[in-house]
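Enquirer: need the 3D shape of this:
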Amino acid sequence: MKQLMRFKINGETVEAAVLPNTTLLNFLRDGLGITSVKRGCDEGDCGACTVLINGKGAASCSMLAAQAQGKEIVTIEGLSKGGVLSPYQQAFVDEFAIQCGFCTPGMVLSVVALLDENPEPTEEEIRDYLRGNICRCTGYTNIINAVHRAQELLKEAE
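Expert: The predicted model follows:
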């Protein structure tokens with residue numbers, strides 16, 4: 001039986017009737033049409049389904065929607081404001097850290113969580129933090145460069 005649940009998604013309150021066994025990934029994609037949250041491994045290992053929950057990166061495929069009830073969920077759409085890319089998104093564009101784009105939303109959200117937690121990470125810390133996000137196109141060098149570029153853009157925005 002579906003249960004009425006309330007979420008804050010990309011700054012907006014959403015109420016929806018959700019089956020108790022629905023994953024957050026399925027709720028976002030199928031229930032709300034937020035297809036930027038990608039289905040990859042369905043085991044929480046690839047990072048394609050990463051969203052921010054209360055500011056922390058989380059694999060939406062391995063969590064029930066009910067577990068996110070009442071929490072603040074951010075998808076890639078929640079980063080840009082008024083059609084302007086966030087510094088994180090712009091950094092990925094600037095550094096050509098996007099190829100096919102499949103991993104990009106989860107990768108960018110992981111970078112948001114990383115830089116919120118550690119604003120000045122070393123390259124080793126960046127690589128370690130992003131180890132849960134798989135990209136088969138870029139070879140990671142441009143992604144590492146995008147993290148450094150995001151740091152610069154964030155400082156400029158202050």
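Enquirer: report the buried residues of the top helix by length along the chain.
Expert: Among the elements of the chain assigned as helix by DSSP state H, the one spanning the most residues is helix 141-157. By neighbour count with 16 or more other C-beta atoms under 10 Å, helix 141-157 contains the buried residues 142-147, 149-151, 153. Yep, even glycine has a C-beta here, placed from its N, CA and C like the rest.
Enquirer: other SSEs contacting that helix?
Expert: Using 3 or more C-beta pairs under 8 Å, 6 or more residues apart in numbering; DSSP states H and E, the elements in contact with helix 141-157 are helix 87-94, helix 104-117, helix 123-129.
Enquirer: output it as CSV, restricted to C-alpha atoms.
Expert: C-alpha atoms of helix 141-157 as CSV (Å, rounded to 0.1, in the frame of the first residue of the first chain):
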residue,chain,number,x,y,z
THR,A,141,42.4,13.7,-15.6
ASN,A,142,39.9,16.3,-16.8
ILE,A,143,37.6,15.5,-13.9
ILE,A,144,40.5,16.2,-11.4
ASN,A,145,41.2,19.4,-13.3
ALA,A,146,37.5,20.3,-13.0
VAL,A,147,37.6,19.9,-9.2
HIS,A,148,40.5,22.4,-9.1
ARG,A,149,38.7,24.7,-11.5
ALA,A,150,35.6,24.5,-9.3
GLN,A,151,37.7,25.6,-6.3
GLU,A,152,38.9,28.6,-8.3
LEU,A,153,35.3,29.5,-9.4
LEU,A,154,34.0,29.2,-5.9
LYS,A,155,36.7,31.5,-4.6
GLU,A,156,35.9,34.0,-7.3
ALA,A,157,32.2,33.9,-6.4
